[in-house]
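Trainee: When you get a sec, could you give me coordinates for this:
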Amino acid sequence: MPELPEVETVRRGLAPVFEGQRLCRVEARRPDLRFPFPEGFVQRLTGAEILSLRRRAKYLLADLNRGETLVMHLGMSGRFEIARAEGAVRPGDFHYAADPDPKHAHVVFQTDAGEQVTYYDPRRFGFMGLIETETLDRHPWFSAMGPEPLSDAFGADRLIAMFKGRSQGPKTLLLDQRVVAGLGNIYVCEALNRARISPFRSAGEVKSVKLKRLATTVKEVLTEAIDVGGSTLRDFAAANGTLGYFQHRFRAYDRQGKPCLNDGCSGTIQREVQAGRSTFFCPTCQV
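Mentor: Predicted structure coming up:
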């Protein structure tokens, strides 16, 4: 599943096409994705102007001039394709998936500027909704969501408060969208390794000095990944069609059996399944 840096890369790729543009034609080629499209989906979008394209956690939010926000989630295999005379541009692609098949082209957006953006989703785990913009924060999808990890609202104080007295592991809490929004398995593994914190010990036992380091490391890892266009396990392509190469900077994720790269550590990265997900860590320095 695309994580926060990948979704941010998709947003940056789509923003120049969508922002300030009017949707002159919208086509929904099936009645649903993961969930049914909202009532009047096509009619409510046709003729609307997209004022801005934002991201909240792993959601894309297109604010419309009609007081609604188009909410889009990529799920497991959702991706967009921008039709261009010189060839399609895909701000979000997957190496292991086949090239877009017309039968998986579920939603088509056409702008007054002549741009055409098609949403493909072979597995149909993605979804779209229309929500009144002023009530967005109160919607069930967002109401319990924690702060953005790259915002000023997320920092050491937040982690110290949320980890205090908790018996769950640090990884479990970082993946809890109520604690912090948008973090996924890949970047949590990376951040915990760089901060030298065990993903298995009780979160309440982690000292505040380490949580300060962890808060900083989370921001650094995400920023670094966004700067190079995401990772998504060798599968991600940025808006210009080139693959994101953050995976070549992984220090823990998918490096089972390889040396830990933390300074002064002679340990080896190991893999364990934790709550159904692969956890990569160094048992020597992550204590």
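Trainee: buried set for the lowest-mean-pLDDT helix or strand in the chain?
Mentor: Lowest mean confidence among the helices and strands of the chain (mean pLDDT, DSSP states H and E): strand 79-83, at a mean of 88. Neighbour counts over strand 79-83 (16 or more other CB atoms under 10 Å) mark 79, 80, 81, 82 as buried. All C-beta spots, glycine's among them, are computed from the backbone N, C-alpha and C.
Trainee: Surely the second one and residue 117 touch.
Mentor: Translated: residue 80. Yes: counting by CB atoms under 8 Å, residue 80 does reach residue 117; the two are 5.6 Å apart.
Trainee: which residues are common contacts for those two?
Mentor: residue 14 (CB atoms under 8 Å, 6 or more residues apart in numbering).
Trainee: neighbours around residue 193, how many?
Mentor: Summarising burial for residue 193: neighbours were counted as other CB atoms under 10 Å, giving 27.
Trainee: my bad, residue 172
Mentor: Counted with other CB under 10 Å, residues neighbouring residue 172 total 18.
Trainee: From residue 188, how far off is it?
Mentor: Distance of residue 172 to residue 188, computed by CB to CB, to the nearest Å: 9 Å.
Trainee: now swap in residue 81 and tell me
Mentor: The value you get for residue 81 to residue 188, if CB to CB is used, is 30 Å.
Trainee: all strands for the chain, in order.
Mentor: 23-28, 50-56, 59-64, 68-73, 79-83, 105-111, 116-120, 127-132, 270-274, 277-281 (DSSP state E).
Trainee: Output the contacting helices and strands for the second one.
Mentor: So the one you mean is strand 50-56. helix 4-18, strand 59-64 (3 or more CB pairs under 8 Å, 6 or more residues apart in numbering; DSSP states H and E).
Trainee: Using PDB, list the CA coordinates for the first one.
Mentor: Same thing as helix 4-18. Output of helix 4-18 as PDB, limited to C-alpha atoms (Å, rounded to 0.1, in the frame of the first residue of the first chain):
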ATOM      1  CA  LEU A   4       2.600   9.000   3.100                       C
ATOM      2  CA  PRO A   5       5.600   9.900   1.000                       C
ATOM      3  CA  GLU A   6       4.100   8.100  -2.000                       C
ATOM      4  CA  VAL A   7       0.700   9.800  -1.600                       C
ATOM      5  CA  GLU A   8       2.400  13.100  -1.300                       C
ATOM      6  CA  THR A   9       4.300  12.400  -4.500                       C
ATOM      7  CA  VAL A  10       1.000  11.600  -6.200                       C
ATOM      8  CA  ARG A  11      -0.500  14.900  -4.900                       C
ATOM      9  CA  ARG A  12       2.400  16.900  -6.200                       C
ATOM     10  CA  GLY A  13       2.100  15.200  -9.600                       C
ATOM     11  CA  LEU A  14      -1.600  15.900  -9.800                       C
ATOM     12  CA  ALA A  15      -1.700  19.400  -8.300                       C
ATOM     13  CA  PRO A  16      -0.600  21.300 -11.500                       C
ATOM     14  CA  VAL A  17      -3.300  19.500 -13.500                       C
ATOM     15  CA  PHE A  18      -6.100  19.800 -11.000                       C
END
